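Asks: Sharing a model that was predicted from the sequence below.
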Amino acid sequence: MANLDKLYSIKKDYNDEKSLVIIPVGKFNISNKYQIGDITIYPIGTVNTEELFETKLDFDFAEVKEDFFNSALIVFPVTIHKEHPFGNFTVEQKNQIINSNLSKAEEILNIFKYIYCNLDKTSVLTQKAGYINNIYSGVLIYYPHLGMSDFLREKYKVNKEFIGKGLIVELKEIKKILDKHTVILDRNCGEVGNITKHALQLYANIVEASSYTNKYVQALSLIEYLTNPFEFEKMQKLKGHVIAFSVDNKKSYHELSERFKFLTGLKDEQGIEIGIRTNIVHNGKLLEQMLNKPYEPEFIIKELQYYICNYLEVCFESYQESWEKIHRKKRKEKDGNRK
């Protein structure tokens, strides 16, 4: 039996909270407890789980208990409207609680994926938040003042398990980097911070995509979103915004501008379309069919990642600002380079 004195007590960590949500994350091995505001991530096997069921034992939870607690746990306060402590949730309440809180947990995980995962790899991905033993998505709602928990689950909400070693986080090695990027979870984050949170979900979707072709198209879509999150514009107009974040002189600007023509839409001297995205989207080709060497698809995905990350790093630094403000700043720098 585990020594309870050496385990973290969620009850003590959140002694003033009436309700908490506890979400398991498989294949997520974080070395130490990590806090982001009122959010806490607990490493596998470090929590006193007995205190979660002091008053009431949830028999439905028994069949998944081992899988649930053999995971890292993300915990944060949640507002629960329940007429009676021992009553049941309606179907609508259950679905709303599961969906909204799993989405919030994914926002947290997306930051780790951004720091650790290259777009061309899937081997270091975590499981989806709430994923339990191939069957359920689920969360515990814990009431520290009552010493009891409710287990809410939904069948087959998450049915994809990533094959790989999972994500191993040595906290002391990346804490400064992590602190720099978790600022977007701050309640005071501005327009840029909120846009960045959505961009990280799109980034995670690219990492999880099953082919280089899908990754390529989604990566260009992410670039389009970043350069104008409010309305659709053609890449010919947007590329100037992208390029400005990855160059520091006029020569490099024009070289990268020509490169983007090839990456998106470009015709040769005979009028044949040789642009990569146009050939994928309109001509049904695979990325591998348009590149000569077997290692080139991986390289070109990493190239797009370079442009995306240069852009996103400015977003993290400006997370409290408006979108227009960082673009005005970049336009001034670009005009200065041209002069």
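Replies: Yep, it's here. Residues are numbered from 1 along each chain as shown.
Asks: all helices for the stretch 151-300 of the chain, in order.
Replies: Shown for the stretch 151-300 of the chain, the helices assigned by DSSP state H, counting those that start in this stretch span residues 171-181, 191-208, 212-227, 235-244, 250-263, 276-283, 287-290, 296-317.
Asks: need these in a markdown table with mean pLDDT, can you?
Replies: Listed next are these as a markdown table, based on pLDDT from 0 to 100:
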| stretch | mean pLDDT |
| --- | --- |
| helix 171-181 | 95 |
| helix 191-208 | 95 |
| helix 212-227 | 92 |
| helix 235-244 | 63 |
| helix 250-263 | 80 |
| helix 276-283 | 85 |
| helix 287-290 | 87 |
| helix 296-317 | 93 |
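Asks: Those: which one's closest to residue 42?
Replies: With CB to CB as the criterion, residue 42 lies closest to helix 171-181 of those, at 12.1 Å. Every residue, glycine included, has its C-beta placed from N, CA and C.
Asks: What helix or strand is the residue nearest the centre of the chain located in?
Replies: Nearest to the geometric centre of the chain sits residue 110, at 1.8 Å (CA atoms, centre = their mean). If you go by DSSP states H and E, residue 110 is part of helix 91-116.
Asks: elements contacting that helix?
Replies: Here helix 91-116 touches strand 20-25, strand 72-77, strand 136-143, strand 148-155, strand 167-169, helix 171-181, helix 191-208, going by 3 or more CB pairs under 8 Å, 6 or more residues apart in numbering; DSSP states H and E.
Asks: Mind putting those into CSV with distance to residue 251 and mean neighbour count?
Replies: CSV is the format used below for the helices and strands packed on helix 91-116 (distance: least, CB to CB, whole Å; neighbours: other CB atoms under 10 Å):
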stretch, distance to residue 251, mean neighbour count
strand 20-25, 46, 25
strand 72-77, 47, 23
strand 136-143, 51, 23
strand 148-155, 55, 19
strand 167-169, 40, 19
helix 171-181, 31, 13
helix 191-208, 29, 20
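Asks: quick revisit: what's the closest non-adjacent residue to the residue nearest to the centre of the chain?
Replies: For residue 110, ignoring the flanking residues on the chain, the nearest one in space by CB to CB, 6 or more residues apart in numbering is residue 200 at 4.0 Å.
Asks: who's in contact with the closest residue to residue 230 other than its chain neighbours?
Replies: Residue nearest to residue 230 in three dimensions, not counting chain neighbours: residue 323, with 7.7 Å by CB to CB, 6+ apart. The neighbours of residue 323, taking CB atoms under 8 Å, 6 or more residues apart in numbering as the test, are 191-192, 195, 229-230.
Asks: and residue 323, what pLDDT?
Replies: Reading off the confidence values, residue 323 has pLDDT 86.
Asks: repeat for residue 160
Replies: 55.
Asks: hmm, back to that, I'd like the mean pLDDT over the next helix or strand after the helix holding residue 110, please.
Replies: Heading C-terminal from helix 91-116, the first helix or strand you meet, by DSSP H and E, is strand 131-132. Taken as a whole, strand 131-132 has an average pLDDT of 88.
Asks: Give me the helices and strands touching strand 131-132, please.
Replies: Judged by 3+ CB pairs under 8 Å, 6+ apart, strand 131-132 is in contact with strand 20-25.
Asks: helices and strands around the strand it packs on, which ones?
Replies: On a contact count with 3+ CB pairs under 8 Å, 6+ apart, strand 20-25 meets helix 65-69, strand 72-77, helix 91-116, strand 131-132, strand 136-143.
Asks: any idea of the angle that strand forms with helix 91-116?
Replies: With axes from the mean of the first three to the mean of the last three CA atoms, to 10 degrees applied, the angle from strand 20-25 to helix 91-116 works out at 50 degrees.
Asks: Direction included, what does strand 20-25 pair up with?
Replies: Here strand 20-25 has these sheet partners by DSSP bridges: strand 72-77 (antiparallel), strand 136-143 (antiparallel).
Asks: show me the contacts for residue 167.
Replies: Residues near residue 167 by CB under 8 Å, 6+ apart: 27-29, 112-113, 116-117, 124-126.
Asks: Could you do residue 48 as well?
Replies: By CB under 8 Å, 6+ apart, residue 48 lies in contact with 4, 7-10.
Asks: Nearest spatial neighbour of it, chain-adjacent residues omitted?
Replies: Closest residue in space to residue 48, ignoring its immediate chain neighbours: residue 7 at 4.2 Å, by CB to CB, 6+ apart.
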